[in-house]
Structure formats: C-alpha cells, structure tokens
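Asks: Got a predicted model here, sequence first, then my questions.
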Amino acid sequence: MNTPQSMDILHHHPLSTDVSPRILELLRFTETHNRHREAMSRATGEQFNMFRVLGVGHLEVKTHSPILAELLNPKGKHGQGDVFLSLFLYRFEMDPVSPLD
C-alpha cells in the first residue's frame, strides 16, 4: 500500500520525472481511496471476526455453516420464526420461495 512516505519517495525518485502526470494522479487517488477504506473498516469493525477470536476460524464447515443453517431455519431454536431468513433474503434482494409442502 502506498503511504504518504512512499508517495513522497515517488515524487523525489530520480525516475519520477518519467512518470506520467496521469499515473501520479491515479496513485494519489488510490492512496486517498485506501486511507478512506481503512478508516471505514476501523469505524465499522469490518475486520472483527468472532470465530477468529474464539480460535475456530479455520473450522468453517463445522461451525459457521451449522450456525447459519440454524439461524436461517424458521423452525430453529432461536424462536424468531422466519425473521433471520427474511432479512437474509431481503439483504441479497432475493424473493422468498414457497415451501414444497
């Protein structure tokens, strides 16, 4: 990732005069975008992963899938009916499918 220091080095590098102004503009934009993305990630806790905290991040099939299956099951022990399934389908802009009863 480009840091302000790396951008400064780029501007003072002997070959920087050979770099197109459009390339320099793209590098500056990329640096600004990366800083914004990292700030948003910190602000929203995007990198937080409870499974890694618990040391079971590598056990996806044994832990993650059953948890998701239970939450998305309208008859799950969570007692919330189809709330989680409906929110999931809404989030991914999917229409609910009628059960094949």
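Replies: Happy to help now that I have it.

Asks: Tell me how far the closest residue to residue 84 other than its chain neighbours lies from residue 64.
Replies: Nearest residue to residue 84 in three dimensions, chain neighbours excluded: residue 71, at 4.6 Å (C-beta to C-beta, 6 or more residues apart in numbering). For every residue, glycine as well, the C-beta is placed using N, CA and C. For residue 71, the distance to residue 64 (C-beta to C-beta, to the nearest Å) stands at 11 Å.

Asks: for the longest helix seen in the chain, the distance to its chain's centre please.
Replies: If you go by DSSP state H, the chain has its longest helix at helix 21-44. On the basis of C-alpha atoms, centre = their mean, to the nearest Å, helix 21-44 sits 16 Å off its chain's mean C-alpha point.

Asks: what's downstream of it, the next helix or strand?
Replies: As assigned by DSSP states H and E, the chain's next helix or strand after helix 21-44 is helix 50-53.

Asks: pLDDT of that following helix, averaged?
Replies: Helix 50-53 carries an average pLDDT of 87.

Asks: Might you calculate how far the next helix-or-strand element following that helix sits from the centre of the chain?
Replies: The helix or strand immediately downstream of helix 50-53 is helix 60-72, counting by DSSP H and E. Between the centre of helix 60-72 and the centre of its chain there are 19 Å (C-alpha atoms, centre = their mean).

Asks: Beyond helix 60-72, next helix or strand please.
Replies: helix 83-91.

Asks: between that following helix and helix 60-72, how big is the angle?
Replies: If you take axes from the mean of the first three to the mean of the last three C-alpha atoms, to 10 degrees, helix 83-91 sits at 100 degrees to helix 60-72.
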